[in-house]
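Colleague: Sequence and predicted structure are below.
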Amino acid sequence: MSARRVLADIKRDLEPYVGYKIKLRANKGRKKVIEKTGILESTYPNIFVVRLEEKQIERRVSYSYADILTDAVQLTFFRDEQDIIFTARSC
């Protein structure tokens with residue numbers, strides 16, 4: 001399967017979750033891992049945007065679908081008191 005097709009599949013799988021509350025876990029390198037909660041705000045052809053919930057500051061971060069494929073980013077969606085972990089393997 002081509003790399004473009006895999007990334008397109010990840011984008012397609014994320015689209016139904018736009019607007020859902022998520023927990024974002026991102027590996028920033030050198031043993032730096034951030035964990036934040038937010039809302040999956042939108043998906044674009046090459047990136048997706050997460051609006052973070054922080055103290056009185058509205059902040060948005062964006063990541064590429066390749067970040068999910070390489071496990072640099074892991075998303076956990078909250079739906080009906082169930083956690084749904086989204087990784088490239090669950091596509």
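Modeller: Noted; the coordinates are in hand. Computed from a prediction, not measured in an experiment: that's the story for all the values here.
Colleague: so where's the chain uncertain?
Modeller: Per-residue confidence of the chain (counting by pLDDT under 70) places the weak regions at 1, 79-91.
Colleague: Can you tell me the element the spatially most central residue of the chain falls in?
Modeller: Central residue of the chain (C-alpha atoms, centre = their mean): residue 75, 4.6 Å from the mean position. For residue 75, the enclosing helix or strand under DSSP states H and E is strand 73-79.
Colleague: Tell me the strands beside that strand, with direction?
Modeller: For strand 73-79, the paired strands and their directions (DSSP bridges) read strand 21-29 (antiparallel), strand 82-86 (antiparallel).
Colleague: picking up where we left off before, pretty sure the residue nearest to the centre of the chain contacts residue 68?
Modeller: Yes: between residue 75 and residue 68 there is a contact at 7.2 Å, judged by C-beta atoms under 8 Å. From N, CA and C alone the C-beta is placed, and that goes for glycine too.
Colleague: bridging residues for residue 74?
Modeller: With beta bridges defined as DSSP bridges, residue 74 has these partners: residue 25.
Colleague: burial count for it?
Modeller: Number of residues near residue 74 (other C-beta atoms under 10 Å) recorded here: 18.
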